[in-house]
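*Asks:* Only the shape, not the letters, is given here:
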């Protein structure tokens, strides 16, 4: 008691600045004690959580496998399947368990195909998990909406098209990206219609992902891409150029030639690359006539084009450029000249 | 009269030290808060990213991994194997043998069936000349590998050679002894591809301490906490720097340094600014400052990205001698860079770079150790004068000590809530104990290294890089 009074007295008699320092020390000390105790709890919780997740995953996985193999031809849903559906439906009421069920479904969905994959999708509806995903679309938090769309895409739920398309011009780009992937994954090239309306840039990352999805389909019939090549959104033009290159769209040759005069340099370069692949001879003459007005990158791209389309009449042009100051131009020119003379 | 001058001097110094301490505590607190927001945002954004979709894509951008090697004979075969085991589709590996005097090159030739090839180098950046030549493998399994043997010119010179050799748009500059996780490339390239309204000029990654971890065939199998306190202290230091400090600077777009051991760059911009500076030991920081300065002067919107995922594991010094040598070099590198680009500091023309990042580095990285030593000397001076209030001293020291420990515990928390790499039972308590002991077991040596770094810099001692003794991974 006496010590306590002495401390109070000492504290009251010290200058304010020292009082502040002591208070700070006490706050720091208290924070350390609280965090130390919480850290112990947190680590135990994380470890326990990992074990629980693994246990549930194992349990749900065997339930799902049992569901897949307990069907029969007489009934739409067998008794054993109904028991599993009821169990999963009950478990889905719990957010933690629901997340594990969905991830198990997704993992299994990716490992199997054909009728079994369809059964997984059916189960997604039967267990009402789809309703939870739809409810998440109404969330105010962007990442919850994005994960819901992703889940609907991965489980191939085409029925919610109207609900998902509402987010196609959402201000958050992560949501937009998920919507785009949903559309393309589920509706193939038809899903690319969002390109007609997007005003925000389509990032390179999104473009790669979309093209990867498109290439997985058996039906590789590309729709008319000219409107996209003429889009006012430069990223849409760049994406359409990638489509033209991958799917050898010789039909859009004239639009591609128009793009050689586009105000965006990257579009001009990509257009040259596509024309090079399609071996459009007209491009060579246009570009050769204005070679010195082109940017360095366009010049490099043009020389790549020339590698495939050179003719004897190009010799004078090539000879002119073997003394070019730029190493890469000089090197490319010599390479073409060497092939020309061999 | 003399007494009053002394009193006034003492008051002025007391006030200056106090103000510096308050600013330091405030800045660390603000950085911790910002990093918390950024970490939450990052985890949300990346929780549902499917990196696999970009792995095999034929249109994914091409990346060159450039790894300079000098006398790495002991571990070079394993290290190159780790670099070749990335899951990314479109990449190659360029090993620049920087005039090694050991049998590194012979070992590489034998292990990877290398043969000398004709290679025309476009010397966009000046470097020391090629010694034996450029090698490629005749084994298709190692077709991604290129080995360049050149005369010794130091790490920066070797990296510049790699930049000349690379034909790809992006380069990942890495220390050859680092262990790169298989998904590192797609995570590091992501910022370059996903941002469309500004230019990403570089991306920095996190370095984790690999000491005591078990590694086999270039793969990280098990994460362990090292036994030595000096190694554990560095784990905490790395957690603080990467998960709290750099995470916050990334949010502010004020990152001034990307670790030389692990950073990805837009090659075109690196070449445009002239590549790595061969006249500094802090070439990693210097390059970033120069690239930022270049972008500011061009008035182009840009960003230096940052990936907090544990993607690159490195061997940290396990003796005080090596630690001091490493930190001495870091100090000299910082001084050289800040001095070279002093025009940037406190200059509104350079925006956040001039008014935020540079001043922070100047006061809290460059000057902090000097002020700390000066404070110790001043304290001794006050003891001599018998002008010390020990109760006040105790108050200040306890506040400073407790804040340091608290900040470290916050870094541990950040790690637990995000990546939770040290899962084993008992590790948490060991990290906590280390956070209490770190100010005594590691800080004095780091302070000593910083001071000798200052002395060496101002006395123009030619110290170069120093030697890191590698134990190799377990």
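*Replies:* Here it is on my side, so go on. Being a predicted model, the structure only gives us computed values, none of them experimental.
*Asks:* Tell me how many other residues crowd residue 283.
*Replies:* Using chain A here. 23 (other CB atoms under 10 Å in any protein chain shown). To be clear about C-beta, it is placed using only N, CA and C from the backbone, and glycine gets the same treatment.
*Asks:* meant chain B actually
*Replies:* Residues near residue B:283, counting by other CB under 10 Å, number 24.
*Asks:* residues contacting it?
*Replies:* For residue B:283, the contacting residues are B:155, B:156, B:159, B:260, B:276, B:277, B:333, taking CB atoms under 8 Å, 6 or more residues apart in numbering or on different chains as the criterion.
*Asks:* Check residue B:431 too.
*Replies:* Taking CB under 8 Å, 6+ apart as the contact definition, residue B:431 lies against B:225, B:232, B:235, B:236, B:412, B:422.
*Asks:* which of the contacts of residue B:283 lies closest to residue B:399?
*Replies:* Minimum distance to residue B:399 across these is 31.3 Å, recorded for residue B:333 (CB to CB).
*Asks:* Mind telling me what element the closest one is part of?
*Replies:* helix B:320-340 (DSSP states H and E).
*Asks:* could the contacts of residue B:431 go into a markdown table alongside secondary structure, pLDDT and neighbour count?
*Replies:* Output for the contacts of residue B:431, formatted as a markdown table (DSSP: H, G, I helix; E, B strand; the rest coil; pLDDT from 0 to 100; neighbours: other CB atoms under 10 Å in any protein chain shown):
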| residue | secondary structure | pLDDT | neighbour count |
| --- | --- | --- | --- |
| B:225 | coil | 96 | 20 |
| B:232 | helix | 97 | 26 |
| B:235 | helix | 97 | 24 |
| B:236 | helix | 97 | 23 |
| B:412 | helix | 96 | 25 |
| B:422 | coil | 94 | 19 |
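*Asks:* Cross-check those against chain A and keep the overlap.
*Replies:* Checked against chain A using CB under 8 Å from any CB of the partner chain, those give the following subset in range: residue B:412.
*Asks:* tell me which of the contacts of residue B:431 is nearest to chain A?
*Replies:* Minimum distance to chain A across the contacts of residue B:431 is 6.6 Å, recorded for residue B:412 (CB to the nearest CB).
*Asks:* Apart from its chain neighbours, what residue comes closest to that closest one?
*Replies:* Beyond its immediate neighbours in the sequence, the residue positioned closest to residue B:412 (CB to CB, 6 or more residues apart in numbering or on different chains) is residue B:431, lying 5.4 Å away.
*Asks:* Using the three-state scheme, assign the one you found.
*Replies:* Under the three-state scheme (DSSP: H, G, I helix; E, B strand; the rest coil), the conformation of residue B:431 reads as helix.
*Asks:* ok, now residue B:304?
*Replies:* Note that with three-state DSSP, the state of residue B:304 is strand.
*Asks:* count of neighbours near it?
*Replies:* By the other CB under 10 Å criterion, the neighbourhood of residue B:304 contains 26 residues.
*Asks:* Could you check how far it is from chain A?
*Replies:* Taking CB to the nearest CB, to the nearest Å as the measure, residue B:304 falls 18 Å from chain A.
*Asks:* Isn't that residue up against residue B:285?
*Replies:* No. In this structure, residue B:304 is not within contact of residue B:285 by CB atoms under 8 Å, at 11.6 Å.
*Asks:* mind listing what residue 242 touches?
*Replies:* Went with chain A since none was named. By CB under 8 Å, 6+ apart, the contact set of residue A:242 is A:207, A:211, A:270, B:59.
*Asks:* Hmm, no, I was thinking of chain B.
*Replies:* Contacts for residue B:242 were tallied using CB under 8 Å, 6+ apart; they are B:206, B:207, B:308.
*Asks:* Extract the residue ranges of the stretch 51-200 of chain B that are flagged as low pLDDT.
*Replies:* Segments of the stretch 51-200 of chain B classed as low confidence (criterion: pLDDT under 70) are B:53-56.
*Asks:* rewinding a little: out of the contacts of residue B:283, who's the most crowded?
*Replies:* Among the contacts of residue B:283, residue B:159 has the most neighbours (other CB under 10 Å), with 31 neighbours.
*Asks:* which secondary structure element contains it?
*Replies:* Taking DSSP H and E as the definition, one finds residue B:159 inside helix B:155-165.
*Asks:* what's the helix or strand following that helix packed up against?
*Replies:* Tracing the chain C-terminally past helix B:155-165 and defining elements by DSSP H and E, one meets strand B:170-174 next. Counting contacts by 3 or more CB pairs under 8 Å, 6 or more residues apart in numbering or on different chains; DSSP states H and E, strand B:170-174 is packed against strand B:63-69, helix B:155-165, helix B:184-194, strand B:262-266, helix B:267-272.
*Asks:* a strand runs through residue A:325, doesn't it?
*Replies:* No. Using three-state DSSP, the assignment for residue A:325 is coil, not a strand.
*Asks:* burial count for it?
*Replies:* Here the neighbour count serves as a burial measure; for residue A:325 (other CB under 10 Å) it reads 6.
*Asks:* residue ranges for the helices of the stretch 51-200 of chain A, please.
*Replies:* Using DSSP state H, counting those that start in this stretch, the helices of the stretch 51-200 of chain A run over A:79-92, A:95-111, A:114-126, A:129-136, A:142-154, A:161-165, A:173-187.
*Asks:* looking just at contacts, which helices and strands does the fourth one meet?
*Replies:* Here helix A:129-136 touches helix A:79-92, helix A:95-111, helix A:142-154, going by 3+ CB pairs under 8 Å, 6+ apart.
*Asks:* between those, which gets nearest to residue B:343?
*Replies:* Across these, residue B:343 has its closest neighbour in helix A:142-154 (41.5 Å, CB to CB).
*Asks:* Report whether that closest one contacts chain B.
*Replies:* Yes. Interface with chain B: helix A:142-154 contributes A:143, A:146, A:147, A:150 (CB under 8 Å from any CB).
*Asks:* Please state the mean pLDDT value computed over whichever strand or helix holds residue A:298.
*Replies:* Assigned by DSSP H and E, residue A:298 falls within helix A:296-309. Mean pLDDT, helix A:296-309: 94.
*Asks:* Pull the residues that contact the next helix or strand after that helix.
*Replies:* Past helix A:296-309, heading to the C-terminal end, the next element that is a helix or strand (DSSP H and E) is helix A:315-321. By CB under 8 Å, 6+ apart, the surrounding residues in contact with helix A:315-321 are A:288, A:291, A:310, A:329, A:330, A:333, A:336, A:337, A:340.
*Asks:* still on that earlier bit, neighbour count and pLDDT added to the residues of helix A:142-154 next to chain B, as TSV?
*Replies:* Formatted as TSV, these follow (neighbours: other CB atoms under 10 Å in any protein chain shown; pLDDT from 0 to 100):
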residue	neighbour count	pLDDT
A:143	18	94
A:146	26	95
A:147	21	94
A:150	21	94
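*Asks:* Looking at those, which is nearest chain B?
*Replies:* Within the residues of helix A:142-154 next to chain B, distances to chain B taken as CB to the nearest CB reach their minimum at residue A:143, with 4.3 Å.
*Asks:* if I pick that closest one, what's in contact with it?
*Replies:* Each residue near residue A:143 by CB under 8 Å, 6+ apart is listed here: A:174, B:44, B:45, B:47, B:48.
*Asks:* can we see that at 10 Å?
*Replies:* Contacts for residue A:143 were tallied using CB atoms under 10 Å, 6 or more residues apart in numbering or on different chains; they are A:172, A:174, A:175, B:40, B:41, B:43, B:44, B:45, B:47, B:48.
*Asks:* Repeat that for residue A:253.
*Replies:* Neighbouring residues of residue A:253 by CB under 10 Å, 6+ apart: A:244, A:274, A:275, A:278, A:280, A:282, A:283.
*Asks:* Report all helices and strands that the helix holding residue B:333 contacts.
*Replies:* Helices and strands in packing contact with helix B:320-340 are listed as helix B:229-239, helix B:283-298, helix B:358-361, helix B:368-384, helix B:443-458; criterion 3 or more CB pairs under 10 Å, 6 or more residues apart in numbering or on different chains; DSSP states H and E.
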